[in-house]
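Q: no sequence on this one, just coordinates:
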């Protein structure tokens with residue numbers, strides 16, 4: 001076997017990476033063994049071309065209590081006057097005021113008018129505050145909604161246009177109009193703190209869609225697991241299953257690459273071991289730390305391969321039936337694992353993933369995900385969310401189709417998705 005690779009890797013600043021790096025080395029060894037075994041089975045030899053790039057321009061800081069060092073990280077980006085972007089709950093319970101204090105007075109204003117699924121209006125209002133205060137940085141505190149709102153607003157902060165021009169109008173983001181952002185996630189789920197994607201809803205067009213640009217990457221992501229201790233069990237379950245979906249989907253994405261795949265396995269193993277611990281005992285700091293590590297690692301995992309079928313299906317499950325994002329992703333994840341194991345595992349990669357996670361087969365892993373969902377009170381049938389008629393299921397299948405379906409190991413058709421939803425009635 002001749003292995004020809006063109007690899008460009010730029011690692012972020014990430015403390016305590018030894019376990020991840022060792023896992024990456026082990027995963028490369030696993031890939032080499034799988035390739036060699038496959039060649040032996042087929043009695044063939046040849047050249048495998050691996051041409052890919054990896055770059056994540058986000059400094060990652062991990063550790064309990066790191067929020068108290070906020071001023072230091074603001075100094076690193078030379079921030080003088082900034083805005084804190086967070087949910088109203090953090091403004092009401094005093095957390096926002098504590099962050100202002102941790103900033104050494106450099107946070108001058110707070111923006112908290114953000115819907116659970118941020119709208120283009122939320123972004124425009126946030127950008128207006130950034131411009132009014134002449135902010136040269138912003139701090140995002142929260143889950144995916146404040147993160148996405150802040151990323152989009154920071155990307156246009158020095159300009160004078162509205163976000164709709166960029167979101168759906170085709171106007172390119174200009175790096176010169178962006179200001180840097182520091183991200184503090186308060187859930188272990190979206191990993192929005194290490195991606196350049198913002199999912200926004202344009203209420204006038206009745207459209208929810210992502211936008212992305214290199215200028216939308218946060219400058220620094222600070223993961224302080226103590227910030228997740230107050231997350232309620234149901235949110236812990238939903239966001240944790242989002243982590244698992246990121247790990248699994250990025251692994252089998254047609255855009256997969258070894259660095260990201262190694263992170264996928266590392267993350268999934270942590271979820272299987274620690275999610276239910278965090279769900280059953282919210283004050284278990286070790287479990288919270290492990291889930292925070294799983295979340296950020298899964299963020300690295302899907303930063304380049306992106307996601308596939310489960311995420312494609314999650315959007316209409318959320319938009320049409322109000323299913324929380326992580327629960328919506330996991331709603332179909334176990335089905336897709338079995339489907340891909342049956343139809344797209346000739347190389348044995350999916351089976352290898354399951355075994356790396358401690359299961360005998362992909363089916364066994366899928367069955368455990370189903371059981372986990374039930375133990376944590378997640379819904380598993382369409383009847384539980386009010387989708388019962390043939391017309392509703394047909395509408396759901398049609399709305400689920402997007403380019404993400406093409407990243408599945410084998411392309412997914414609307415017929416495939418309709419069959420899946422009928423099986424999940």
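A: Received it, and whenever you're ready, just let me know what you need. All figures in this text were calculated on a predicted structure; none of them were measured in a lab.

Q: what is the end-to-end distance of stretch 319-330?
A: 16 Å (CA to CA, to the nearest Å).

Q: mind listing what's buried along that stretch?
A: 319, 321, 323, 324, 325, 326, 327, 328, 329, 330 (16 or more other CB atoms under 10 Å). For glycine as for every other residue, the C-beta is placed from the backbone atoms N, C-alpha and C.

Q: of the residues you listed, which is the nearest to residue 337?
A: residue 330 (10.9 Å; CB to CB).

Q: helix or strand right after the one helix or strand that closest one maps to?
A: Element membership for residue 330 (DSSP states H and E) is helix 325-343. Note on helix 325-343: by DSSP H and E, the next helix or strand toward the C-terminus is helix 349-356.

Q: after that following helix, next one along is what?
A: Helix 349-356 is succeeded, C-terminally, by helix 362-375 (DSSP H and E).

Q: and that following helix, what does it pack against?
A: helix 233-252, helix 258-280, helix 325-343, helix 349-356 (3 or more CB pairs under 8 Å, 6 or more residues apart in numbering; DSSP states H and E).

Q: could you check the angle helix 325-343 makes with the last one?
A: Angle, helix 349-356 to helix 325-343, by axes from the mean of the first three to the mean of the last three CA atoms, to 10 degrees: 120 degrees.

Q: show me what helix 349-356 is packed against.
A: Using 3+ CB pairs under 8 Å, 6+ apart: helix 349-356 touches helix 18-42, helix 233-252, helix 258-280, helix 325-343, helix 362-375.

Q: swap in the first one?
A: Helices and strands in packing contact with helix 233-252 are listed as helix 258-280, helix 285-301, helix 309-321, helix 325-343, helix 349-356, helix 362-375; criterion 3+ CB pairs under 8 Å, 6+ apart.

Q: tell me what angle that helix forms with helix 325-343.
A: Using the same axes, to 10 degrees: helix 233-252 against helix 325-343 is 40 degrees.

Q: could you give me the buried positions within helix 233-252?
A: 235-252.

Q: ditto for stretch 399-418
A: 399-402, 404-405, 407-409, 412, 416-418.

Q: and these, which two are the farthest apart?
A: Taking CB to CB, no two of the buried residues of stretch 399-418 sit farther apart than 399 and 409, at 22.5 Å.

Q: now, the buried residues of stretch 399-418 that are in helices?
A: Using DSSP state H, 399, 400, 416, 417, 418 are the members of the buried residues of stretch 399-418 that sit in helices.

Q: element containing residue 165?
A: helix 164-167.

Q: ok, the helix or strand just after that helix: who's next to it in the sheet?
A: Helices and strands here follow DSSP H and E; after helix 164-167, the next one along the chain is strand 181-185. Strand pairing for strand 181-185, using DSSP bridges, gives strand 137-142 (parallel), strand 220-223 (parallel).

Q: show me what the helix holding residue 330 is packed against.
A: helix 233-252, helix 309-321, helix 349-356, helix 362-375, helix 414-423.

Q: for residue 334, which of these is the nearest?
A: Judging the helices and strands packed on helix 325-343 by CB to CB, what sits closest to residue 334 is helix 362-375, at 4.2 Å.

Q: please identify the buried residues of the closest one?
A: 362, 363, 365, 366, 368, 369, 370, 372, 373.

Q: for the second one, which non-adjacent residue is closest in space?
A: Computed as CB to CB, 6 or more residues apart in numbering, the closest residue to residue 363 that is not its neighbour in sequence is residue 338, at 5.9 Å.

Q: helix or strand for the residue lying closest to residue 421 once chain neighbours are set aside, which one?
A: Take residue 421 and drop its neighbours on the chain: the residue closest to it by CB to CB, 6+ apart is residue 393, 4.9 Å away. According to DSSP H and E, residue 393 maps onto helix 390-400.

Q: tell me the mean pLDDT over that helix?
A: The predicted model gives helix 390-400 an average pLDDT of 98.

Q: what is it packed up against?
A: helix 309-321, helix 414-423.

Q: can you list the buried residues in it?
A: 392, 393, 396, 397, 399, 400.

Q: ok, back up a step: return the most buried member of the strands paired with strand 181-185.
A: Highest mean neighbour count of the strands paired with strand 181-185: strand 137-142, a mean of 28 (counted as mean count of other CB atoms under 10 Å).

Q: and the angle from the helix or strand just after it to helix 233-252?
A: Sequence-wise, the next helix or strand downstream of strand 137-142 (DSSP H and E) is helix 144-155. Here helix 144-155 points in a direction 60 degrees away from that of helix 233-252 (the same axes, to 10 degrees).

Q: what helices and strands are in contact with helix 144-155?
A: By 3+ CB pairs under 8 Å, 6+ apart, helix 144-155 packs against strand 82-86, helix 120-132, strand 137-142, helix 164-167, strand 181-185, strand 197-202.

Q: and these, which one averages the lowest pLDDT?
A: strand 197-202 has the lowest average pLDDT among the helices and strands packed on helix 144-155, namely a mean of 92.

Q: distance between the following helix or strand past it and the chain's centre?
A: Following strand 197-202 in sequence order, the next helix or strand is strand 207-212 (DSSP H and E). Remark: strand 207-212 is offset 15 Å from the chain centroid, using CA atoms, centre = their mean, to the nearest Å.

Q: what sits up against strand 207-212?
A: Applying CB atoms under 8 Å, 6 or more residues apart in numbering, the contact partners of strand 207-212 are 117, 152, 166-168, 195-202, 315, 319.

Q: given it, what are its sheet partners and their directions?
A: strand 197-202 (antiparallel).

Q: could you check the angle the strand it pairs with makes with helix 120-132?
A: Computed by the same axes, to 10 degrees, the angle between strand 197-202 and helix 120-132 is 110 degrees.

Q: in strand 197-202, what counts as buried?
A: Going by 16+ other CB under 10 Å, strand 197-202 has these buried residues: 197, 198, 199, 200, 201, 202.

Q: between the residues you listed, which is nearest residue 266?
A: residue 197 (21.6 Å).

Q: how close does that closest one get to residue 62?
A: As judged by CB to CB, to the nearest Å, residue 197 and residue 62 stand 21 Å apart.
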